[in-house]
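Q: Structure of the sequence below:
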Amino acid sequence: MRADGARLPRRPDAGKPVRVHVGLDLLSVAAGLLDGPEGTPGPQRVAGARALLARLRSARVGVLAHAASVDRRLRHAGAVLEAARVVPALWFAPEHGMNAAAQDMVAVGHGRHSRSSAPLVSLYGESAAQLVPAREHLGAIDVLLVDLCDVGARYYTFVWTALLALRAAAAAGVHVVVLDRPNPIGGLACWVEGRSQRSGYTSFVGLDPVPIRHGLTVGEMLAFCAERDGLSLGPAGALSVLPVVGWDRSWLAGCWDRPFVPPSPNMPTPDTALVYPGGCLVEGTNLSEGRGQTRPFEVVGAPWLDGEGLARDLAGTGLTGFVPRPVGFVPTFHKHAGLLCGGVQIHVTDPAAFRPVATYAALVALARRQKRERFRFRTEPYELVADIPAFDLLTGSPEARLAIERDADVLEVAALVAEPDPAWPEQMRRAQELAERASW
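A: Presented below is the predicted three-dimensional model:
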């Protein structure tokens, strides 16, 4: 336990990776493809998975998944379902497509699933209507399985794709099952950062009001939002969850006994996921967030930035858990492609102390101070919104942007963005209880 109350991410048995069974693992166990989890509540969860499998075998099934939808042995959901004698009638894919190959904010078209040749419907396009499953697609299924690897940040769009699908499915009488996965950046309330969005600032990078680093799993978030919507929970309701077994909420992805499969092109490692709740704020500026090189979101810069000065100033803020290292890099695509950028790389040295949202909010403020005449906030349309600056959508209000523009104290800016809602820890507990109520 740290002085600030945060538990260090720990590993059992002096560093031995811990076995975590995700929802798809339990389905693999039910199909005889994996050994089951030991100890309570393992057998109960396996029994639930077997009941779910029996239901799937007699239903018309749709699946919302992507490249990271794999079990512990890296078998994709399609292979697991095929081995379990479940034949999906329809597949859905979120932003970046089924193969996680499309870049950010690039529309993805429909197609055919590579394994089964079943229709593959994209839920990411150039309009809000394309984010929602169409009635004719939902009319072809009875059950929608959702298996998406989220990274625990409000801006990451997969959980909102799942929520839009849940709402549409509930209206069409289609039951939704979440094959849940642990949050790769932890699930403790002491690590939560970021105020919920102000009214008028929700969007596809935050469809419902929640903190930036929220600490929930996809199943917990959907159960929480489902209660807000008045939807019933459990196998007989609108939403059910096949939960994770064996996850301590203090364990980050590096503690698990499974490889980290990139869920999107610029989320290559657990290190990326840990900085992302802060690093994504850079998307709302003309700084490069490191796309087009090998450490996206860890590396930030611009052709006109002095990396040495930025690293020195950021280290002087008193924020802890990381070391800012001056770097030079040349993005191969995206912002400042082909140009040498100065900047910093954020090296996380203490995950329990590191506060990504506060750190990157301070970084943005310091970068603007360094070159006011070159720095600007993004004004181009962002995630289908044209009339609100991207930075405001990401932070949830205009307050932080206006504070940066008036040269407010850097730590004041960080607090404006990162200070969590006092009520959220209780809401987290409620979300966990609701996901348990929804479980098989």
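Q: quick one: pLDDT of the closest residue to His175 other than its chain neighbours?
A: The shortest distance from His175 to any residue other than its chain neighbours is 5.1 Å, reached at Val143 (CB to CB, 6 or more residues apart in numbering). All C-beta atoms are positioned from the backbone trio N, CA, C, and that covers glycine. We have a pLDDT of 98 for Val143.
Q: Counting neighbours, what do you get for Pro414?
A: In this structure residue 414 is Ala, not Pro. 26 (other CB atoms under 10 Å).
Q: about what we covered before: identify the bridge partners of the residue nearest to His175.
A: Note on Val143: beta-bridge partners by DSSP bridges are Val61, His175.
Q: Do I have it right that it meets Leu56?
A: Yes: applying CB atoms under 8 Å, one finds Val143 in contact with Leu56, separated by 6.4 Å.
Q: so how far is Thr379 from Lys371?
A: With the distance defined as CB to CB, to the nearest Å, Lys371 ends up 18 Å from Thr379.
Q: An error on my part: the question was meant for Ala386.
A: 9 Å.
Q: okay, those two: which has more neighbours?
A: More neighbours surround Thr379 than the other of Ala386 and Thr379, with 12 against 8 (other CB under 10 Å).
Q: who's in contact with that one?
A: Counting by CB atoms under 8 Å, 6 or more residues apart in numbering, Thr379 makes contact with Pro389.
Q: Same check on Asp147?
A: Counted by CB under 8 Å, 6+ apart, Asp147 has contacts 23-24, 63-65, 69, 77, 178-179, 181.
Q: let's see 10 Å
A: When contacts are counted by CB atoms under 10 Å, 6 or more residues apart in numbering, Asp147 touches 22-24, 27, 63-66, 68-71, 76-77, 80-81, 162, 177-181, 218, 242.
Q: Check Val344 too.
A: 298-301, 305, 307-315, 322-327, 363, 366-367.
Q: hmm, try it at 8 Å
A: 299-301, 307, 310-311, 314, 324-327, 363.
Q: Could you check how far it is from Val323?
A: Distance, Val344 to Val323, using CB to CB: 9 Å.
Q: ok, which stretches of the stretch 301-440 of the chain are helices?
A: 307-315, 356-370, 390-395, 399-405, 410-418, 424-437 (DSSP state H, counting those that start in this stretch).
Q: closest to Leu188 out of the ones you listed?
A: Proximity to Leu188 (CB to CB) singles out helix 424-437 among those, at 9.0 Å.
Q: which residues are in contact with stretch 404-415?
A: Under CB under 8 Å, 6+ apart, the answer for stretch 404-415 is 317-319, 357-359, 361-362, 364-366, 368-369, 400, 403.
Q: Let's test this: mean pLDDT of it, rounded?
A: 97.
Q: what's the span of it from first residue to last?
A: End-to-end distance for stretch 404-415, by CA to CA, to the nearest Å: 12 Å.
Q: Go through that stretch and flag the buried ones.
A: Neighbour-count burial for stretch 404-415, with 16 or more other CB atoms under 10 Å as criterion, is recorded at 404, 410-411, 413-415.
Q: gap between the residue in the chain sticking out farthest from the centre and Trp304?
A: The C-alpha centroid of the chain is most remote from Glu373, which lies 33.8 Å away (CA atoms, centre = their mean). Glu373 is 9 Å from Trp304, where distance means CB to CB.
Q: got it, and Gln345?
A: Distance, Gln345 to Trp304, using CB to CB: 18 Å.
Q: Give me the more crowded residue out of the two.
A: Gln345 (20 against 17).
Q: is it true that the more buried one touches Arg325?
A: Yes: between Gln345 and Arg325 there is a contact at 4.9 Å, judged by CB under 8 Å.
Q: so which of the helices of the stretch 301-440 of the chain gets nearest Leu120?
A: helix 424-437 (28.2 Å).
Q: contacts for the closest one?
A: 180, 187, 189, 192, 196, 210-211, 214-217, 219-221, 223-224, 226-227, 233-234, 241, 243.
Q: Among those, which lie within helices?
A: Counted as lying in helices by DSSP state H, out of the contacts of helix 424-437, are 219-221, 223-224, 226-227.
Q: Would you mind giving those as a markdown table with pLDDT, neighbour count and distance to Met428 added?
A: A markdown table is the format used below for those (pLDDT from 0 to 100; neighbours: other CB atoms under 10 Å; distance: CB to CB, whole Å):
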| residue | pLDDT | neighbour count | distance to Met428 |
| --- | --- | --- | --- |
| Gly219 | 98 | 31 | 13 |
| Glu220 | 98 | 28 | 8 |
| Met221 | 98 | 26 | 10 |
| Ala223 | 98 | 31 | 12 |
| Phe224 | 98 | 23 | 9 |
| Ala226 | 98 | 23 | 16 |
| Glu227 | 97 | 18 | 13 |
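Q: Where does pLDDT dip in the protein?
A: By pLDDT under 70, the low-scoring segments of the chain are 1-15, 39-40.
Q: And the strands in it?
A: For the chain, the strands defined by DSSP state E cover 61-65, 90-93, 111-112, 119-122, 143-147, 175-179, 239-242, 299-302, 322-329, 341-348.
Q: Return the angle between stretch directions for the fifth one and strand 61-65.
A: When you say that, I think you mean strand 143-147. 20 degrees (axes from the mean of the first three to the mean of the last three CA atoms, to 10 degrees).
Q: Relative to Arg374, how far out is Pro296?
A: Distance, Pro296 to Arg374, using CB to CB: 22 Å.
Q: more neighbours, these two?
A: Pro296 (26 against 14).
Q: okay but that one is in contact with Glu289, surely?
A: Yes: taking contacts as CB under 8 Å, Pro296 lies within contact range of Glu289: 6.4 Å.
Q: anything in contact with each of the two?
A: Both Pro296 and Glu289 are contacted by Gly279, under the criterion CB under 8 Å, 6+ apart.
Q: what about the closest residue in space to Pro209 that isn't next to it in sequence, how many neighbours?
A: Excluding the flanking residues, the one nearest Pro209 by CB to CB, 6+ apart is Ser196, at 3.8 Å. Residues near Ser196, counting by other CB under 10 Å, number 21.
Q: quick one: Ser196 and Gly396, what's the gap?
A: Applying CB to CB to Ser196 and Gly396 gives a distance of 7 Å.
Q: Val192 too?
A: Counting by CB to CB, the gap from Val192 to Gly396 is 14 Å.
Q: Equivalent analysis for Ala273, please.
A: 20 Å.
Q: Between these two, point out the one with more neighbours.
A: Ala273 (28 against 25).
Q: Make sure that one is actually in contact with Val151.
A: Yes: in this structure, Ala273 is within contact of Val151 by CB under 8 Å, at 4.3 Å.
Q: can you give me the end-to-end distance of stretch 62-77?
A: First residue to last in stretch 62-77 (CA to CA) measures 12 Å.
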